[in-house]
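Engineer: Take this sequence and fold it.
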Amino acid sequence: QMQVHESGGGLVQAGGSLRLSCVGSGRTFRMSALGWFRQAPGQEREYVAGISWNGVNTYYEDYAKGRFTISRENAKNTMYLQMNSLKPEDTGVYFCAPIPPTWSEEGPLVTYEYVYWGAGTQVTVSS
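Structural biologist: Alright, predicted model coming up:
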């Protein structure tokens, strides 16, 4: 399975910013659509945003639109999530994972289950 490592989380006040990074291994990472997910305490993991393998297409869930920006640098095997205007409800563990290509264009309309989750990176937003 694809190996990924998330980093960049931390503690920030409401209204602040963080940039998360996801570093992956090999050609599979560069050729895959990728997504960010998050899991708040006591809640299920949810989709945040996705990007196509070449960075041309992006998709954001409504709560992320206008505040978060997903990007990638395939030459560095790295994907990013720039998060601005953070809110306490953005608190959670953030994960990256490969996604079906359609998720980066139309959102999570097709069923997909990923099992090889990494450790994620903790984001805590204080009020």
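Engineer: And the strands in the protein?
Structural biologist: With DSSP state E as the criterion, the chain has strands at 4-7, 10-13, 18-24, 34-39, 46-51, 58-60, 68-73, 78-83, 92-98, 121-126.
Engineer: so which of those strands gets nearest Pro108?
Structural biologist: Comparing the strands of the chain by their distance to Pro108 (CB to CB), the top pick is strand 46-51, with 5.1 Å. No exception for glycine: its C-beta is placed from N, CA and C like everyone else's.
Engineer: what about the closest one, average pLDDT?
Structural biologist: The predicted model assigns strand 46-51 a mean pLDDT of 98.
Engineer: At the geometric centre of the protein, which residue sits there?
Structural biologist: Trp36 (1.7 Å; CA atoms, centre = their mean).
Engineer: Including distance to Ser104, could the strands of the chain go into JSON lines?
Structural biologist: JSON lines is the format used below for the strands of the chain (distance: least, CB to CB, whole Å):
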{"stretch": "strand 4-7", "distance to Ser104": "16"}
{"stretch": "strand 10-13", "distance to Ser104": "26"}
{"stretch": "strand 18-24", "distance to Ser104": "14"}
{"stretch": "strand 34-39", "distance to Ser104": "7"}
{"stretch": "strand 46-51", "distance to Ser104": "4"}
{"stretch": "strand 58-60", "distance to Ser104": "5"}
{"stretch": "strand 68-73", "distance to Ser104": "9"}
{"stretch": "strand 78-83", "distance to Ser104": "11"}
{"stretch": "strand 92-98", "distance to Ser104": "10"}
{"stretch": "strand 121-126", "distance to Ser104": "21"}
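Engineer: Which of those strands sits closest to Val110?
Structural biologist: The closest of the strands of the chain to Val110 is strand 46-51. By CB to CB, the value is 11.9 Å.
Engineer: and the closest one, what does it pack onto?
Structural biologist: Contacts defined by 3 or more CB pairs under 8 Å, 6 or more residues apart in numbering; DSSP states H and E place strand 46-51 against strand 34-39, strand 58-60, strand 68-73, strand 78-83.
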